[in-house]
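*Asks:* Predicted model and sequence below, questions to follow.
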Amino acid sequence: MVGGLASNIPEASAHENRLYNIGNKDYWITVGSINEPVFVDDKSGAEVFIKAADTSSPLNSNANGTKMVEGLG
């Protein structure tokens, strides 16, 4: 029964996920810290993920048509 309870607990994350419209296209931009939570002497930094939103369901950041944008750096 313990495994069933653990699967119902939402994952905690300090990443911020927002939908933006840029050039008439929708993008999900996620910003957060690497290696959360950070402890003394841990290496950390910022990370950014940009995904092109699914045109059939742009408000759903996990929709099947949502694709990572690559080659920006």
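*Replies:* In hand now; what should we look at?

*Asks:* So which residues of the chain form helices?
*Replies:* Remark: helices assigned in the chain by DSSP state H are 2-6.

*Asks:* Which residues are in contact with residue 20?
*Replies:* Contacts for residue 20 were tallied using CB atoms under 8 Å, 6 or more residues apart in numbering; they are 26, 27, 28, 29. Using the backbone N, CA and C atoms, a C-beta is placed for each residue, glycine as well.

*Asks:* I figured the third one was touching residue 57, is that so?
*Replies:* What it means is residue 28. No. Look at residue 28 against residue 57 with CB atoms under 8 Å: they stay out of range, at 11.6 Å.

*Asks:* On the pLDDT front, check residue 70 for me.
*Replies:* As summarised for this prediction, residue 70 has a pLDDT of 93.

*Asks:* err, residue 47, not the other one
*Replies:* Turning to residue 47, the model gives it a pLDDT of 90.

*Asks:* neighbours around it, how many?
*Replies:* Burial of residue 47, expressed as a neighbour count using other CB atoms under 10 Å, amounts to 12.

*Asks:* Kindly report the same for residue 29.
*Replies:* Around residue 29 sit 15 other residues, with neighbours defined as other CB under 10 Å.

*Asks:* So it versus residue 71, what's the distance?
*Replies:* Noted for residue 29: a distance of 16 Å to residue 71, by CB to CB, to the nearest Å.
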